[in-house]
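Enquirer: just need the structure, nothing else, for what follows:
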Amino acid sequence: MPSLRPFLLERKLLPKVWGGRALEPLLGLSLPAGEAIGETWELFDRPDGSSRLRGSDRTLASVLQDAGDDLLGRGVPRGHGGRFPLLLKFIDAREALSVQVHPDDAQARGEGDSGKDEAWLVLHAGPRARMIRGLRPDADLERFRAVAHTPAVEPLLWSFAPRPGDTVHVPPGTVHAIGPDVVVFEVQQNSDLTYRLYDWGRPREVHVQKALAVARADEGRVAVADRPVVTPQPLPDGGRLLVATPHFRLRRYELQRPLALATEGAFLTLTVLGGRGLCGWRSGGDDAPLPLGPGDTVLVPACIADVYLSPIGRLDVVVADPGCR
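Expert: Residues are numbered from 1 along each chain as shown. Model (predicted):
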């Protein structure tokens, strides 16, 4: 039998000036009293810390060091510095995040990190909900560059009202912002590089020259009538393909009956958006299935051929893997 088993991960809570408390009622997460939590990192492997395996002192970084190919899969590239290639998080944007942009891998190399390709799955959109992705089609690019760090940039940005279930892909170089009044699940390359252009008058540092150097002003432009969301594609196993990029693939399964998922020689992550269930695998009876509840994230090593998801009533889960290789 393989030496690695699927394992649950502990999360990291990050207070943010724009954060809120929506993850408590939405996912049942326990948040510290009085804190505005903007992000929860559900799977991470950064220089200053790595996900801890639930019920263990081990970290994702130590597992990767000891059993890299068994965990990731042969041919699956690591992130910058040999780290795990993805980072998963929930974001509660009670107020708007800064208007920002991320570099690609080549542009990030000098900063000692990976580039940042990311996608959002909208879980909640309140009455004030907005998102920004790219520029309006009639935006003048010279004017954008001149006013990008000022309130005059606002009418040049393509802002839209997101809906629960929307998937938005944000390639590197795309000017974007989340919020206000939005909660998303985010899958991204393992990077923490963000260049702020404009922060709605808040007194935080901006990185105008760096942001403009990597911004692809034509990236994300859409026709005025369009909503810049990805159309889900039905899958033969009853799931939906939300997005597929060279860096990750994201699928969603809303289950009322058991489902077998093959790893196909690469890791899988399973994040529960709602409901409860069990995650089992072939262990010869040596291992009990993992119980799954809202907000839980399981990392399935590549050396496990299949996992079996069994809903208890219903189970809503998103599955991420390394993408189009």
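Enquirer: from Leu71, how far off is Leu60?
Expert: For Leu60, the distance to Leu71 equals 9 Å [C-beta to C-beta, to the nearest Å]. All C-beta atoms are positioned from the backbone trio N, CA, C, and that covers glycine.
Enquirer: any common contacting residues for the two?
Expert: Leu299 (C-beta atoms under 8 Å, 6 or more residues apart in numbering).
Enquirer: how many neighbours does the nearest residue to Arg21 once chain neighbours are set aside have?
Expert: Nearest residue to Arg21 in three dimensions, chain neighbours excluded: Leu31, at 6.3 Å (C-beta to C-beta, 6 or more residues apart in numbering). By other C-beta atoms under 10 Å, 18 other residues sit near Leu31.
Enquirer: contacting residues for Leu31?
Expert: With C-beta under 8 Å, 6+ apart, Leu31 has these contacts: 13, 21, 23-24, 37.
Enquirer: need these in a markdown table (columns: secondary structure).
Expert: As requested, the contacts of Leu31 are exported to a markdown table (DSSP: H, G, I helix; E, B strand; the rest coil):
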| residue | secondary structure |
| --- | --- |
| Leu13 | strand |
| Arg21 | coil |
| Leu23 | helix |
| Glu24 | helix |
| Ile37 | strand |
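Enquirer: compare these and tell me which has the most neighbours.
Expert: Most surrounded of the contacts of Leu31: other C-beta under 10 Å gives Leu23, at 26 neighbours.
Enquirer: hmm, it is touching Phe90, no?
Expert: Yes. If you go by C-beta atoms under 8 Å, Leu23 and Phe90 touch, sitting 5.8 Å apart.
Enquirer: in the protein, which strand is the longest?
Expert: strand 306-321 (DSSP state E).
Enquirer: does anything pack onto that strand? Which helices or strands?
Expert: strand 182-189, strand 249-255, strand 259-262, strand 268-280, strand 290-292 (3 or more C-beta pairs under 8 Å, 6 or more residues apart in numbering; DSSP states H and E).
Enquirer: now for the first one, which elements pack on it?
Expert: So the one you mean is strand 182-189. By 3+ C-beta pairs under 8 Å, 6+ apart, strand 182-189 packs against strand 86-93, strand 118-125, strand 306-321.
Enquirer: highest mean neighbour count out of those strands?
Expert: Most buried of the helices and strands packed on strand 182-189 by mean neighbour count (mean count of other C-beta atoms under 10 Å) is strand 86-93; its value is a mean of 25.
Enquirer: give me the contact list for stretch 264-274.
Expert: Contacts of stretch 264-274 with the rest of the structure, by C-beta under 8 Å, 6+ apart, involve 27, 42-43, 71-74, 76, 86, 88, 123, 185, 261, 279, 292-302, 307, 309, 314-322, 325.
Enquirer: buried stuff in it?
Expert: Within stretch 264-274, the residues that count as buried by 16 or more other C-beta atoms under 10 Å are 266-274.
Enquirer: sec struct for the closest residue to Leu157 other than its chain neighbours, please.
Expert: With C-beta to C-beta, 6+ apart as the criterion, Leu157 has its nearest non-adjacent residue at 4.8 Å, and that residue is Ile132. Put simply, Ile132 is strand when judged by three-state DSSP.
Enquirer: Ile132 touches Leu156, doesn't it?
Expert: No. At 10.2 Å, Ile132 and Leu156 do not qualify as touching, with contact defined as C-beta under 8 Å.
Enquirer: pick out whichever of these two has more residues nearby.
Expert: Ile132 (23 against 18).
Enquirer: what's the spacing between that one and Gly275?
Expert: 32 Å.
Enquirer: next: Trp200.
Expert: 36 Å.
Enquirer: repeat for Glu186
Expert: From Glu186 over to Gly275 (counting by C-beta to C-beta), the distance is 21 Å.
Enquirer: before we move on, the earlier item: A strand includes the residue nearest to Arg21, no?
Expert: No. Looking at Leu31 with three-state DSSP, it is coil, so not inside a strand.
Enquirer: show the pLDDT at it.
Expert: The score at Leu31 is 96. That number is its pLDDT.
Enquirer: name the nearest residue to Leu43, sequence neighbours excluded.
Expert: Using C-beta to C-beta, 6+ apart, the nearest residue to Leu43 is Leu88, at 4.2 Å.
Enquirer: quick one, what contacts that neighbour?
Expert: Here Leu88 is in contact with 41-44, 185-188, 269, 271, 297, 320 (C-beta under 8 Å, 6+ apart).
Enquirer: hmm, back to that, now the helices and strands packed on strand 182-189 in JSON lines, with distance to Val147 and mean pLDDT?
Expert: Below are the helices and strands packed on strand 182-189 laid out as JSON lines (distance: least, C-beta to C-beta, whole Å; pLDDT from 0 to 100):
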{"stretch": "strand 86-93", "distance to Val147": "24", "mean pLDDT": "98"}
{"stretch": "strand 118-125", "distance to Val147": "25", "mean pLDDT": "98"}
{"stretch": "strand 306-321", "distance to Val147": "37", "mean pLDDT": "98"}
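Enquirer: redo these as CSV? Include distance to Pro6.
Expert: Converted to CSV, the helices and strands packed on strand 182-189 look like this (distance: least, C-beta to C-beta, whole Å):
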stretch, distance to Pro6
strand 86-93, 15
strand 118-125, 22
strand 306-321, 6
